[in-house]
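>>> test case, fold it:
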Amino acid sequence: MAKKTKKRKEIKRKLLHKYRLVILNESTFEEKISFKLSRLNVFVTGTLCIIALIGFTTLLIAFTPLREYIPGYSSTKLKRQATVLTYKTDSLVRRLNYTNRYLDNIRKVLRGDIENNEVSRDSLFGKFKLDPSTVDLTPIKQDSLLRAEVALEDKYNLFEQNTTNTDFILFPPISGIISQEYDANAKHYAVDVVAPKDSPVKAIANGMVIFAEWTADTGYVIIIEHKDGLLSIYKHNGSLNKKQGEVVRAGEVIASVGNTGELTTGPHLHFEIWNNGAPVNPTDFIDFK
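Just a heads-up that it's a prediction; the model follows:
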């Protein structure tokens, strides 16, 4: 027991034993600074310094941009930027796919080519058109009551307006004699209208010019995009009055009749109408006389 007590006193004496740290001038041996230290003070001071250094380093990394240089660490800003870039990339991909499909349609219009397996809207209507003779058109009681109710409401409707949609009225691009009719079986998706050379060619409706260039087969060609997926194409022109990107109004002069291109036999206008990627007969909508 006495040995243990003596050993403890010896350890305590060593820890609390004072040492003097003196800083001297090397030339004159003049004492500049002196410190009284003990082993316990040195241990405690060193431990506190290490803890303070660790805390300062942690704060420096956590609240400064230095944390972004730590492998495996991703800041909130970087995550937000990555998310935004992902959305932009996805939007660009969708836009690119839409543009490619749109350009494919324009390319088909210029070539006048349709794949065999492509089905037009008119063919679908013809296929699923019902025969009125097979349908029982005898009005039922509920139908008669509804008709009477609607008629009564219309009779006393003071705010009735004309709901006829005139936006789909198409103006004739030119007046003349049709030399070749629309023939889908022969892949002639247009009407050829004979007219004097340099006669003005007009836009059939409001729209924007999306193509106005020279082609070897059909000469000067101008294509106008209208609303609701409608395209009007004018080929074999003698000259063009509009450029790509210009907005035109219905009835505005956009070109002149010519005889340009390898596939022409005289001054005339080769005119096509495409609706949502499928050709339609222009004479169903326009009177060229």
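>>> from the centroid of the chain, which residue is nearest?
When CA atoms, centre = their mean is applied to the chain, the residue found nearest the centroid is residue 95 (3.7 Å).
>>> secondary structure element for that residue?
For residue 95, the enclosing helix or strand under DSSP states H and E is helix 76-111.
>>> what ranges do the helices span in this protein?
Secondary structure of the chain (DSSP state H): helices at 2-16, 39-62, 76-111, 121-127, 141-155.
>>> check the ones you listed for me: which has the lowest mean pLDDT.
Mean pLDDT across these is lowest at helix 121-127; the value there is a mean of 48.
>>> hmm, back to that, what's the closest of the helices of the chain to residue 224?
Proximity to residue 224 (CB to CB) singles out helix 76-111 among these, at 11.3 Å. The C-beta positions use only the backbone N, C-alpha and C, and glycine is treated the same way.
>>> pull out the buried positions in that closest one.
Neighbour-count burial for helix 76-111 flags 105, 106, 108, 109, 110 (criterion: 16 or more other CB atoms under 10 Å).
>>> residues contacting the first one?
Neighbour list for residue 105: 231, 274, 277 [criterion: CB atoms under 8 Å, 6 or more residues apart in numbering].
>>> any idea which of the buried residues of helix 76-111 is the one closest to residue 173?
Distances from residue 173 to the buried residues of helix 76-111, taken by CB to CB, are shortest for residue 109, at 15.7 Å.
>>> that closest one touches residue 231, doesn't it?
Yes: using CB atoms under 8 Å, residue 109 is in contact with residue 231, at 6.3 Å.
>>> shared neighbours of the two, anything?
With CB under 8 Å, 6+ apart, residue 109 and residue 231 have common neighbours 223, 272, 274.
>>> mind putting these into TSV with neighbour count, pLDDT and distance to residue 101?
Formatted as TSV, those follow (neighbours: other CB atoms under 10 Å; pLDDT from 0 to 100; distance: CB to CB, whole Å):
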residue	neighbour count	pLDDT	distance to residue 101
223	22	95	16
272	21	94	19
274	21	92	14
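>>> any chance of the residues you listed in CSV, with distance to residue 263 too?
Shown next, in CSV, are these (distance: CB to CB, whole Å):
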residue, distance to residue 263
223, 17
272, 14
274, 19
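>>> looking at the residues you listed, which are in strands?
Among the shared contacts of residue 109 and residue 231, the ones falling in strands (DSSP state E) are 223, 272, 274.
>>> show me the contacts for the first one.
It refers to residue 223. Neighbouring residues of residue 223 by CB under 8 Å, 6+ apart: 106, 109, 110, 209, 210, 211, 212, 231, 232, 233, 234.
>>> among these, who's most crowded?
residue 234 (27 neighbours; other CB atoms under 10 Å).
>>> now do the closest residue to that residue other than its chain neighbours against residue 241, distance only.
Distance criterion CB to CB, 6 or more residues apart in numbering; nearest residue to residue 234, sequence neighbours excluded, is residue 222 at 5.0 Å. Separation of residue 222 from residue 241 (CB to CB, to the nearest Å) stands at 9 Å.
>>> what do the two both touch?
254, 255.
>>> which of these two has more neighbours?
Neighbour comparison, residue 222 and residue 241: the larger count goes to residue 222, with 24 against 17 (by other CB under 10 Å).
>>> for the more buried one, give me its contacts.
209, 211, 212, 233, 234, 237, 240, 242, 254, 255.
>>> specify the beta-bridge partners of the fourth one.
In this entry, residue 233 is beta-bridged to residue 223, residue 272, by DSSP bridges.
>>> please apply the same query to the third one.
With DSSP bridges applied, the residues forming beta bridges to residue 212 are residue 222.
>>> find me the pLDDT at the closest residue in space to residue 230 that isn't next to it in sequence, would you?
What sits nearest to residue 230 in space, not counting adjacent residues and going by CB to CB, 6+ apart, is residue 275, at 5.6 Å. Per-residue pLDDT puts residue 275 at 89.
>>> how near is residue 275 to residue 30?
105 Å.
>>> and those two? Which one has more around it.
residue 275 (16 against 9).
>>> residues contacting the closest residue to residue 14 other than its chain neighbours?
Nearest in space to residue 14, with sequence neighbours left out and distances taken as CB to CB, 6+ apart, is residue 39 at 6.3 Å. Residue 39 makes contacts with 14, 15, 16, 17, 19, as judged by CB under 8 Å, 6+ apart.
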